[in-house]
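Undergrad: give me coordinates for this.
(2 chains)
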Amino acid sequence: MTLLSIQNLKAHFHTEDGAVRAVNGVDLDIEEGEKLGLIGETGCGKTVLGLAILRLLSENTTVEGRILYKGQDLLTMSDHEIRKIRGKEVAMIFQNPLSSMNPVLTVGTQVAEPVELHQHLKKQDAMQKVIGMLKSVKIPLPQERVKEYPHEFSGGMRQRAMIAMGLICIPSLIIADEPTTGLDVTIQAQIIELMKEVLRDSGTSMLLITHDLAVAAELCDNIAVMYPGEIVEYASVRDLFKYPKHPYTRGFLNSLPARGLKQMVGTSPSLINLPAGCKFHPRCTFATERCRKERPELIKVGKKHYVRCFLYD
Amino acid sequence: MQKRREIMSIVQQLKEDKLAVTGAIIILSLMIIAILAPHITPYDPVELDLENRLTSPDRNHLMGTDNLGRDVLSRIICGARVSLGMATVVVVIVMLLGLAMGTTAGYFGGVIDGIIMRLVDVLLAFPNIILALVIAGILGPSLTNVMIALGAIWWVSYARIIRGSVLSVKEKEFVEAARAMGCTDTYIAIRHILPNVLSPVIVLATLDMGHIILSIAALSFLGLGAQPPIPEWGTMLNEGRPFMETAPHLMIFPGLMIMLAVLAFNFVGDGLRDALDPRMKEGTIK
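TA: Below is the predicted model:
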């Protein structure tokens, strides 16, 4: 069953220099239990997409389209209704575990917050739950550590606590925005292992936002590649790595150290001045006249494999 | 536990600051005197003794007597109670008002922010004491009215500082994380933002205790605050004025007490500021 269905989502910021078109017509479905990776370069609108789902963007943003969660449109909900979704149904894990925790509150208090908010548990019951949750994310001596402050936690421990905070209400979907960035490689591996385990146990779906292909490959079932504001390729992890179709995806994969560290020409375009036609054509070696004028649609090239490129038309 | 550790480290730093220690000792002694006032005064502070008027300090009256023969030392001791008590009440009012206004303005922004901050600008444009004079003058002379007058104008600088801190704290990621968790705006403002903006307010409040004692004394000196026979340092100064040449002790002792209290609070405030914010150690003020 489709848990979350994003339909023709657009998110534009209005600035003095003009509209920043961060998300331009994204369609994505996340099934129950599915782990979907959203990968792309810095500034391609991945995080904005994630924030748009929970309506966390600032007020000067126009968000259009539909985001159906279990059939309800999140974008037209009242503030009161969306607050009941946030943290309880759809939780978010943020990029930087230090700045995402309040420095003046104990870790226990903060992890307990979602339970107190959504399940109205008493302080002691909530704390009991927190201790159990911290144990399941493998924080040693949880009954001691709930009383400590975020600065007394190491980076990896903090990220574990963040994961605990995200999962404590057993949400149906978790949006993880670069959960392993800023951690060193050994800790990254631990966190990935941990996320795999807790997601399997709880059956929670995940939207993983990352620029790290290895992490996405490790954690996800399917991957959507984003290039300024749109999905350019969607495939299962296996297909994407074995048979990348879009020139951008190929370039992206070839820039991995394991595949020769080949640099892709150019940089991703400014979100204010997006090129006409295919957004990738200025950097594409296969670009034709058609690519400069027409915007390609997503073309089906295999079972659950879609690509936005005229080469496969 | 952690909180206690943090407080201990602040106390440790304060201990090394000699001025702050001196200030703290003075404040503590004044507080003890204020609390014990009715039990330690050698004479009744309002009892007249017309036989012994305007006597200079001697063995019977350590600080002499005033024009109605009341013992100055007893009046000074009771005055500590009035001055410190009132200043504390005013500081608490001012802090609560400033926190409420500053947080509202900073967190919600927009029109609310505009209205509150313009009000703050208008109030800041006048010297505090003049506005307090006007308000206390309109309300009529009494201790309560002086407290109301000072409370009504003094919150503005707090509101400003708090608004500034709130503006920077509300952009932090943990505020967004709290929103993503489903917290309401009011909850975020009180639970997540307020504790992060408190430390400059505590410093300001300690420094302001001195200023407020001074203002209360000033208003009382001008006849708007404590009314005779209530012993208040400012009122005592005023009462002693006609006898300044013949009995200077009537003004010297209350004056000294005001100076002592204000200095002590400033010392502690400075020390606290240094201890809470190490970057400020190089003498920059506010």
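Undergrad: so, low pLDDT: which residues of the stretch 1-150 of chain B?
TA: Where the stretch 1-150 of chain B drops to pLDDT under 70, the residues are B:1-6.
Undergrad: quick check on A:I163: phi, psi?
TA: phi -60, psi -40 (degrees, to the nearest 10).
Undergrad: OK, contacts around the closest residue to it other than its chain neighbours?
TA: In space, and not counting its chain neighbours, A:I163 is closest to A:V137: 5.4 Å by Cβ to Cβ, 6 or more residues apart in numbering or on different chains. To be clear about C-beta, it is placed using only N, CA and C from the backbone, and glycine gets the same treatment. The neighbourhood of A:V137, defined by Cβ atoms under 8 Å, 6 or more residues apart in numbering or on different chains, consists of A:160-161, A:163-164, A:167, A:194, A:198.
Undergrad: and A:K123, by the same measure?
TA: A:112, A:116.
Undergrad: from A:G108, how far off is it?
TA: Plainly put, A:K123 is 10 Å away from A:G108 if you go by Cβ to Cβ, to the nearest Å.
Undergrad: tally up the residues packed near B:Q12, please.
TA: Burial of B:Q12, expressed as a neighbour count using other Cβ atoms under 10 Å in any protein chain shown, amounts to 10.
Undergrad: repeat that for A:V198.
TA: For A:V198, the count of nearby residues is 20 (other Cβ under 10 Å).
Undergrad: that one reaches A:I170, doesn't it?
TA: No: in this structure A:V198 lies outside contact range of A:I170 using Cβ atoms under 8 Å: 10.3 Å.
Undergrad: between those two, which contacts overlap?
TA: With Cβ under 8 Å, 6+ apart applied, the overlap between the contact sets of A:V198 and A:I170 consists of A:T204.
Undergrad: quick one: the helices in the stretch 151-300 of chain A?
TA: With DSSP state H, counting those that start in this stretch, the ranges of helices along the stretch 151-300 of chain A come out as A:155-167, A:185-202, A:213-219, A:237-242, A:247-254, A:289-293.
Undergrad: can I get the third one as CSV, trimmed to CA atoms?
TA: Taking only C-alpha atoms (Å, rounded to 0.1, in the frame of the first residue of the first chain), the coordinates of helix A:213-219 have been written out as CSV:
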residue,chain,number,x,y,z
LEU,A,213,25.7,6.9,-2.6
ALA,A,214,27.3,4.2,-0.4
VAL,A,215,25.0,5.0,2.5
ALA,A,216,21.9,5.0,0.2
ALA,A,217,23.0,1.7,-1.4
GLU,A,218,23.4,0.1,2.0
LEU,A,219,20.1,1.3,3.5
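Undergrad: neighbouring contacts of stretch A:67-76?
TA: With Cβ under 8 Å, 6+ apart as the test, stretch A:67-76 has contacts from A:2-7, A:9, A:52-55, A:63, A:65-66, A:82, A:85, A:89-90, A:172-173.
Undergrad: and A:L28, which of the three is it?
TA: Classification of A:L28 into helix, strand or coil gives strand, according to DSSP: H, G, I helix; E, B strand; the rest coil.
Undergrad: and the closest residue to it other than its chain neighbours, what does it touch?
TA: Distances taken as Cβ to Cβ, 6+ apart place A:I6 nearest to A:L28, at 4.4 Å, with adjacent residues excluded. Taking Cβ under 8 Å, 6+ apart, we find A:I6 in contact with A:26-29, A:49, A:53, A:65-68.
Undergrad: the one helix or strand B:G114 maps to vs chain A: in contact?
TA: Using DSSP states H and E, B:G114 falls within helix B:110-125. No: judged by Cβ under 8 Å from any Cβ of the partner chain, helix B:110-125 and chain A are separated, with a smallest distance of 9.4 Å.
Undergrad: tell me which strands and helices that helix is in contact with?
TA: Based on contacts counted as 3 or more Cβ pairs under 8 Å, 6 or more residues apart in numbering or on different chains; DSSP states H and E, the elements that helix B:110-125 packs against are helix B:72-108, helix B:143-169.
Undergrad: can I get the ones you listed in JSON lines with distance to A:Y243 and mean neighbour count?
TA: Rendered in JSON lines, the data for those read as follows (distance: least, Cβ to Cβ, whole Å; neighbours: other Cβ atoms under 10 Å in any protein chain shown):
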{"stretch": "helix B:72-108", "distance to A:Y243": "51", "mean neighbour count": "21"}
{"stretch": "helix B:143-169", "distance to A:Y243": "49", "mean neighbour count": "21"}
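Undergrad: chain B contacts on chain A?
TA: Those residues of chain A that sit near chain B, judged by Cβ under 8 Å from any Cβ, are A:54, A:56, A:83-88, A:91-92, A:94-96, A:99-106, A:113-114, A:117-118, A:147-149, A:152, A:165.
Undergrad: and the residue nearest the centre of the chain?
TA: The chain I'm using is chain A. Here the mean C-alpha position of chain A is nearest to the C-alpha of A:I209 (Cα atoms, centre = their mean), at a distance of 2.7 Å.
Undergrad: please refer instead to chain B.
TA: A centroid search over chain B (Cα atoms, centre = their mean) returns B:M209, at 2.2 Å, as the residue closest to the centre.
Undergrad: the nearest residue to that residue once chain neighbours are set aside: what's it in contact with?
TA: Once its chain neighbours are removed from consideration, B:M209 has its nearest residue in B:F265; the separation is 4.2 Å (Cβ to Cβ, 6+ apart). By Cβ under 8 Å, 6+ apart, the contact set of B:F265 is B:23, B:27, B:206-207, B:209-210, B:213.
Undergrad: one step back: list the contacts of the residue nearest to the centre of chain A.
TA: Counting by Cβ under 8 Å, 6+ apart, A:I209 has contacts A:38, A:46-47, A:49-50, A:175-178.
Undergrad: which ones among these are found in strands?
TA: If you go by DSSP state E, the contacts of A:I209 have A:38, A:175-177 in strands.
Undergrad: pick the one among those closest to B:S83.
TA: For these, the closest approach to B:S83 (Cβ to Cβ) belongs to A:D177, at 55.5 Å.
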